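Novice: Okay, sequence plus prediction incoming.
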Amino acid sequence: MSDYRKEQEVAIEAVRRASLITQKVLQTSISSLTKSDKSPVTVGDFSAQAIINAILAKHFSDDKIVGEEDADDLRSKDADKVALKEKVIGLVNEGLMAEGADQLEKPLSETEILEAIDKGNCQGGVKGRMWTLDPIDGTKGFLRGGQYAVCLALIVDGEVRLGVMGCPNLPIDKSAKKPQEGNLDEVKQRDDLGVIFVASEGKGAFQRPLHATSSTQLTPIKTREITPEILSKASFCESVEAGHSSQGTNAKIAEFLGISSPSVRMDSQAKYASVARGDGDIYLRLPVGDGSYQEKIWDHAAGCLIVTEAGGKVSDAKGRPLDFSIGRTLKNNKGVVAAHASVHAKVIEAVRKALEEEGRGHL
Ligand SMILES: Nc1ncnc2c1ncn2[C@@H]1O[C@H](COP(=O)(O)O)[C@@H](O)[C@H]1OP(=O)(O)O
Ligand SMILES: [Mg+2]
């Protein structure tokens, strides 16, 4: 098994710098950004993507990147788009020139920043090294002051080898209260929020505070011990957005497992982090309707490895491993189920029953 120590160090620093900039976008008054730049998500997305891609290109110039956005919008002469571009250029350079490892000596030019954003055009596949990036996963959560995540993973020959996730609104201490959804003031005021999660294949899963310096120790994380006998005491999490995961099916699965506590609803891959550090036990993401939506690899790669390395098991609704080797989507899979390895099979059995009862057993 290869050692991805250097990649891990670079990825943590890239995610740290990008996450701090998204946090700044959120904290510098969403309302004023919304007026001038249309959407803080767009500003945060472009800025985080440019920061991460530029740092990856500096260290691993031969690696490909599978990302969601390109810079076409920022090349428009439209006044709104020009204002957006100026904002992004300012934030990217602020992020890259801030003190710490990988600090830039001089700002990047507009061309360099647009080129960095455009690097995410790889189509994925089974051969070679590629990074997959979601600069702001959980955009709805970002806008409402809920959970969102900056997600980066390294895939080599179709397998996820390294996953790093920045969760700026998640408490460092898993037992601390999560900020109330929609309360942007709380997110701005609390200084105990912001975590980076990291996992490297075969090396375990860890967390560290987002605001820590690069030499800060990583703390190991583990899924909560849960056995089939006490499965009814488990807590499960799901998307806030009903359109992303069938909440009705999830509720039925919980009922079959004897779980009576209500689901914890959370945006983004922060749900994987929650299961990985034993805050929640099960993450259910059951397909909606006819199941035609194809999940994207950048929405699952980092989270999947972090849960697996923390002692959990991640699969699709049928119990099959997620297949990251066939392009930009997980088209061989439907739905996602993450749980402690010792109860995963029981959860999958309940998923099968629930889908059959709904006449969706073929999914
Ligand atoms: N119909 C859908 N089913 C599942 N996931 C979806 C669907 N539509 C969008 N998504 C993706 O769900 C992710 C957020 O999930 P969560 O609910 O866990 O926060 C986003 O990356 C979003 O992709 P996109 O960025 O293209 O909108
Ligand atoms: Mg996403």
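Specialist: The structure has been received and is ready for your questions. Ligands and ions are numbered 1, 2, ... in the order given.
Novice: close to ligand 2, is stretch 152-161?
Specialist: No. Stretch 152-161 does not reach ligand 2 (Cβ under 5 Å from the ion); its nearest approach is 12.1 Å. C-betas here are computed from N, CA, C, even on glycine.
Novice: how about that stretch as CSV, C-alpha atoms only?
Specialist: What follows is stretch 152-161, C-alpha atoms only, in CSV (Å, rounded to 0.1, in the frame of the first residue of the first chain):
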residue,chain,number,x,y,z
LEU,A,152,-11.2,16.9,-1.6
ALA,A,153,-10.2,13.3,-2.3
LEU,A,154,-7.4,11.5,-4.2
ILE,A,155,-8.4,8.6,-6.4
VAL,A,156,-5.7,6.3,-7.8
ASP,A,157,-6.6,3.6,-10.3
GLY,A,158,-10.3,3.9,-9.4
GLU,A,159,-9.9,3.7,-5.6
VAL,A,160,-10.2,6.5,-3.1
ARG,A,161,-6.8,6.7,-1.3
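Novice: and it, which residues are buried?
Specialist: Of the residues in stretch 152-161, Leu152, Ala153, Leu154, Ile155, Val156, Val160, Arg161 count as buried by neighbour count, 16 or more other Cβ atoms under 10 Å.
Novice: what's around Thr216, how many residues?
Specialist: Thr216 has 12 neighbours, counted by other Cβ atoms under 10 Å.
Novice: quick one: contacts for it?
Specialist: Each residue near Thr216 by Cβ atoms under 8 Å, 6 or more residues apart in numbering is listed here: Arg208, Pro209.
Novice: Thr132 belongs to a helix, doesn't it?
Specialist: No. According to DSSP: H, G, I helix; E, B strand; the rest coil, the state of Thr132 is strand, so it is not within a helix.
Novice: so how far is Arg16 from it?
Specialist: Going from Thr132 to Arg16 by Cβ to Cβ, to the nearest Å gives 18 Å.
Novice: Residue numbers of the stretch 151-300 of the chain in contact with ligand 2?
Specialist: Contact residues, the stretch 151-300 of the chain versus ligand 2 (Cβ under 5 Å from the ion): Asp299.
Novice: Tell me where the stretch 151-300 of the chain has strands.
Specialist: Counting by DSSP state E, counting those that start in this stretch, the stretch 151-300 of the chain has strands at residues 159-171, 193-200, 205-209, 219-221, 236-238, 264-265, 282-285.
Novice: And for Asp62, the neighbour number?
Specialist: Using other Cβ under 10 Å, Asp62 has 7 other residues around it.
Novice: what's the weakest-modelled helix or strand in the protein?
Specialist: Every helix and strand of the chain was ranked by mean pLDDT, DSSP states H and E. The lowest is helix 30-37, at a mean of 51.
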